[in-house]
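Peer 1: sharing a model that was predicted from the sequence below.
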Amino acid sequence: MPHSLPSRLKAILSDARTRADIDDYLESARQELGMDIAYLSEIVGKSLVFRAVRSPGIESIIQTSNSLDLRETYCKYVLDGSLPPMIVDTAAHQIAVDLPVTQIIPIRSHERSADLGRRQCLRYGVLPGA
């Protein structure tokens, strides 16, 4: 089911130049940090919605506009303080080990999650990596 975007985010992501800048930033960060996946996501209700994704070679796993139940994501546990924003070894954190996404991708480390939108009660994740 598609999720509606707040008007400001919709304007940002629909602007071709800004969208290209976001994609370039994610790709640069993905390469620099040696990650398989970099993305910008938004929490919408009880779902995590991927708004921009860079995942060359594994596009079938994660794509822009896909969503996951928030309880099955690292972002939920980073935001509530159950997991640290940076995880060097997911095997050292039982919550991470138990998340289905850890085995599906598989995720060995989680580089960073950031809460970028508290003023509007919107939460965005940036640069989680596999």
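Peer 2: Here it is on my side, so go on.

Peer 1: per-residue pLDDT, Asp15?
Peer 2: Note on Asp15: pLDDT of 69.

Peer 1: quick one, strands of the protein?
Peer 2: For the chain, the strands defined by DSSP state E occupy 38-44, 47-54, 67-69, 124-126.

Peer 1: around Gln103, count how many other residues there are.
Peer 2: 10 (other CB atoms under 10 Å). For every residue, glycine as well, the C-beta is placed using N, CA and C.

Peer 1: when you give positions from now on, start the count at 296
Peer 2: Let's use 296 as the start, then, which means that last one is Gln398.

Peer 1: and it, how far from Ala391?
Peer 2: 11 Å (CB to CB, to the nearest Å).

Peer 1: what is the neighbour count of Ser350?
Peer 2: 21.

Peer 1: meant to ask about Glu367, not that
Peer 2: 16.

Peer 1: can you check Gly340 too?
Peer 2: 8.

Peer 1: please report phi then psi for it.
Peer 2: phi 60, psi -120 (degrees, to the nearest 10).

Peer 1: how close does it sit to Asp364?
Peer 2: Distance of Gly340 to Asp364, given as CB to CB: 10 Å.

Peer 1: for Arg349, what are its contacts?
Peer 2: By CB atoms under 8 Å, 6 or more residues apart in numbering, the contact list for Arg349 reads Asp318, Leu321, Glu322, Arg325, Ile332, Ala333, Tyr334.

Peer 1: among these, which lie within helices?
Peer 2: Judged by DSSP state H, helices contain the following of the contacts of Arg349: Asp318, Leu321, Glu322, Arg325.

Peer 1: need the max-distance pair from the contacts of Arg349.
Peer 2: Distance extremes for these: the farthest pair is Asp318 and Ile332 at 13.3 Å, using CB to CB.

Peer 1: which one of these two is surrounded by more residues?
Peer 2: Ile332 (22 against 16).
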